[in-house]
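K.L.:
no sequence on this one, just coordinates:
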């Protein structure tokens, strides 16, 4: 198949990245339907998300060990194929065991994709525009990741509300997009040599210097993804169980608002200087969390949505800061391992609100559990800000 230019390949890899992460988030508004059909409770939703995170971590470890000895395009193709397999499992094995299996496969796909796709975008951008802004690839990588996560619930929510076969059609639609992305990926030029004879590396690595910034970046990633988990996993249950809204389209839209704000913030605020960016996160996230909590306590959909948009935008900016700092701190030969570490810690954050709030709700109720979660999130934000807002030193990264 004829090869595209590096510039076109950059766009196609971003599309493949977004399509795969969208596939991973498609089930978000559908869990209410699965619960109604199979009569399982919120504890099982926590199990479903836990096995998804296990799949993600397994994929990240596998990709981190072999990313430097396997070329970029085959690794991304494998991730797309596994996500297609997950869609097929949801279609042909619709009971609880199939849901759990599909989520493990979906998580494995995301884990295989995240680090290598980010590295691939960076390399394609440098080949296409050697003198261009190096931050562009990192912004696009984060936007593709979060944009896909945001688009998945919106797609499945709309189809579940107004189209037939709500538990089948969303997977057929995203499967078609994944198949198209797989075909187009075959035209993207490779950016690495064939290193099949190279030994496997350690799957996870740390930055060789400035460990305080690396640790703060990983904690920032975990905090950001905990916010994403709050929107993607719990928005439908909050809307239905606490606020009394049962529309699947609305559940997908609310998740899209929070996650979409995270993605769009990457583009709109990409030129914000480092300290101003972190200051914006430190100012916006507490306000957003306060509005989320107030919306649940007062039963106000408007406050909940506005709070979700503010919190999501701040979380997206925080994750981009974390990603860019890790890239800058890592030499090229260790970048795959350090990115894998960042993504392992970050994706672990997806399970924090699902499992933590699920257990806390049984003790303190939904409103009390969400207030406690917001308090812990603000404590984590304070720890990250204490490191990121230190006076810049000459050796510190100067861009986020």
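P.N.:
All right, it came through fine. The shown structure was predicted, so the numbers you read here are calculated from the model rather than taken from an experiment.
K.L.:
nearest residue to residue 254 in space, please, no chain neighbours.
P.N.:
Using C-beta to C-beta, 6 or more residues apart in numbering and skipping residues adjacent in sequence, the residue nearest residue 254 is residue 235, 4.8 Å away. Just so you know, the C-beta spots here come from the backbone N, C-alpha and C atoms, and that holds for glycine as well.
K.L.:
burial of the one you found, as a residue count?
P.N.:
27 (other C-beta atoms under 10 Å).
K.L.:
now residue 244
P.N.:
9.
K.L.:
can you classify it as helix, strand or coil?
P.N.:
Using DSSP: H, G, I helix; E, B strand; the rest coil, the structure places residue 244 in coil.
K.L.:
quick check: residue 318 vs residue 381, distance?
P.N.:
Distance, residue 318 to residue 381, by C-beta to C-beta, to the nearest Å: 8 Å.
K.L.:
my bad, should have said residue 43
P.N.:
29 Å.
K.L.:
looking at these two, which is more packed in?
P.N.:
Per other C-beta under 10 Å, whichever of residue 43 and residue 381 has more neighbours is residue 381, with 23 against 12.
K.L.:
my read: the more buried one touches residue 224, true?
P.N.:
No: assessed by C-beta atoms under 8 Å, residue 381 is found out of contact with residue 224, at 9.9 Å.
K.L.:
list the residues that contact both of these two?
P.N.:
Residues touching both residue 381 and residue 224 (C-beta atoms under 8 Å, 6 or more residues apart in numbering): residue 318.
K.L.:
low-confidence regions, the stretch 51-200 of the chain specifically.
P.N.:
The stretch 51-200 of the chain contains residues with pLDDT under 70 at 67-69, 134, 194-200.
K.L.:
my guess is residue 99 meets residue 48, correct?
P.N.:
Yes: look at residue 99 against residue 48 with C-beta under 8 Å: they come within range, at 6.3 Å.
K.L.:
of those two, which one has the most company?
P.N.:
Counted by other C-beta under 10 Å, residue 99 and residue 48 do not tie: residue 99 has more neighbours, with 24 against 21.
K.L.:
helix, strand or coil for the closest residue to residue 217 other than its chain neighbours?
P.N.:
Leaving out its chain neighbours, the residue that sits closest to residue 217 by C-beta to C-beta, 6+ apart is residue 322, at 4.0 Å. Here residue 322 is recorded as helix under three-state DSSP.
K.L.:
residue 150 too?
P.N.:
Applying three-state DSSP: residue 150 is helix.
K.L.:
what residues are up against it?
P.N.:
Per C-beta under 8 Å, 6+ apart, neighbours of residue 150: 25, 255-256, 258-260, 262-263.
K.L.:
how far away is it from residue 319?
P.N.:
To residue 319, residue 150 is 13 Å away according to C-beta to C-beta.
K.L.:
with residue 236 instead?
P.N.:
Applying C-beta to C-beta to residue 236 and residue 319 gives a distance of 23 Å.
K.L.:
ok, now residue 278?
P.N.:
For residue 278, the distance to residue 319 - C-beta to C-beta - is 12 Å.
K.L.:
neighbour-wise, which of those two wins?
P.N.:
Set side by side, residue 278 and residue 319 show more neighbours around residue 319, with 29 against 22, by other C-beta under 10 Å.
K.L.:
what sits in contact with each of residue 318 and residue 381?
P.N.:
223, 281, 285.
K.L.:
out of those residues, who's nearest residue 303?
P.N.:
residue 285 (15.7 Å; C-beta to C-beta).
K.L.:
show me what counts as buried in whatever helix or strand the closest one lives in.
P.N.:
Assigned by DSSP states H and E, residue 285 belongs to helix 274-298. Under the neighbour-count criterion of 16 or more other C-beta atoms under 10 Å, helix 274-298 has 274, 277-278, 280-282, 284-286, 288-293, 295-296 buried.
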